[in-house]
Each structure stands twice: as structure tokens, then as C-alpha cells.
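Chemist: below: sequence and its predicted model.
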Amino acid sequence: MRSIQRRKSVVILRSELVGLASPSQLSRGLKKLVEAGKLVRISHGVYAKTRFNKFLGRPAPAGTLESIAAEAFRKLGIDVGPGTLAIEYNSGRTTQVPMLAVVDTGKRRISRKIQVGSRSVSYERERVNERKRSGA
């Protein structure tokens, strides 16, 4: 727990903790931290720190789904960008606030599920979609 608390990042990869214990001990330790509410599992081998939410009366992830997902992708070495709806909203072309967390994966196909609570990240492959729209 001390090693996790000292880290500045919200996202913790299991691979970052490999040197602390054997694989089975690490699994048990991470499971106990999740049960105690110190961590939340967001994907296979990816965890996020929690903080106490006074409105819910229980621990909640220490960031938004979007910020946690962005940090997780960065740590995993996966290059993603904002989705089409987020780009349109940020550029002022629309006033519709995107409610779903969608990221553009470029040409890369990703099947990893990243989920915080009941919300999960969706993927779009923008370059493939553009070719289909242009008729190529």
C-alpha cells in the first residue's frame, strides 16, 4: 500500500508492482486492496486509486472515467485521441455535450475493456470510418 500511495499517478498497472512480491502474493494483495476500497479495478491488470466521496459515503475512483482512461492508455503505450463528438464540441461546431466516453484509436483495433463503475470507454476507428464515408 505504501508503494501505491507514494505514486503520483492515479492509475496503477500490475506490471509496475511485479518487483514487490510473487505473482500469487501480488494477486492476493491487490484483491484485498480492492475489497478494502483502496483501489478499484478498471481493466485486466489496471487499477485506479480511490478517495472517499462524502456524497456517496464510500470510496470512489480518484478521477473521472476520461482522465483515468487517458492515463491508462498512456501507461499501456496505446496512442488514442478524442472521439469525433468530443472534437466537434471542443471546436464549437456543436453545443451537444458528449455523454459517452469515446476515444479514437486510429488504425489500431483495441478490445481491452476499461470500465469505472457502470461507465465504460467506447472505441471508434476514425480513419476507417472516413474511408467508408468518402466511398473509398
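Modeler: Sure thing, it's come through.
Chemist: after the helix or strand harbouring Ala86 comes which helix or strand?
Modeler: Taking DSSP states H and E as the definition, Ala86 sits inside helix 84-91. As assigned by DSSP H and E, the chain's next helix or strand after helix 84-91 is strand 102-104.
Chemist: now find how far off-centre the next helix or strand after that next one is within its chain.
Modeler: Following strand 102-104 in sequence order, the next helix or strand is strand 115-116 (DSSP H and E). Relative to the mean C-alpha coordinate of its chain, strand 115-116 is positioned 7 Å out (C-alpha atoms, centre = their mean, to the nearest Å).
Chemist: domains in the protein, as residue ranges please.
Modeler: 1-63, 64-136 (automatic domain parsing).
Chemist: who does the lengthiest strand in the chain pair up with?
Modeler: The longest strand of the chain (DSSP state E) is strand 46-53. Using DSSP bridges, the strands paired with strand 46-53 are strand 11-13 (antiparallel), strand 39-43 (antiparallel), strand 58-61 (antiparallel).
Chemist: the domains of the chain: lowest mean pLDDT?
Modeler: Ranked by mean pLDDT, the domains of the chain end with domain 64-136 at the bottom, a mean of 80.
Chemist: so what's the residue count around the closest residue to Pro98 other than its chain neighbours?
Modeler: Leaving out its chain neighbours, the residue that sits closest to Pro98 by C-beta to C-beta, 6 or more residues apart in numbering is Leu85, at 4.0 Å. Backbone N, C-alpha and C define where each C-beta goes, glycine included. Neighbours of Leu85 under the rule other C-beta atoms under 10 Å: 16.
Chemist: what residue is smack in the middle of this structure?
Modeler: Ala69 (2.2 Å; C-alpha atoms, centre = their mean).
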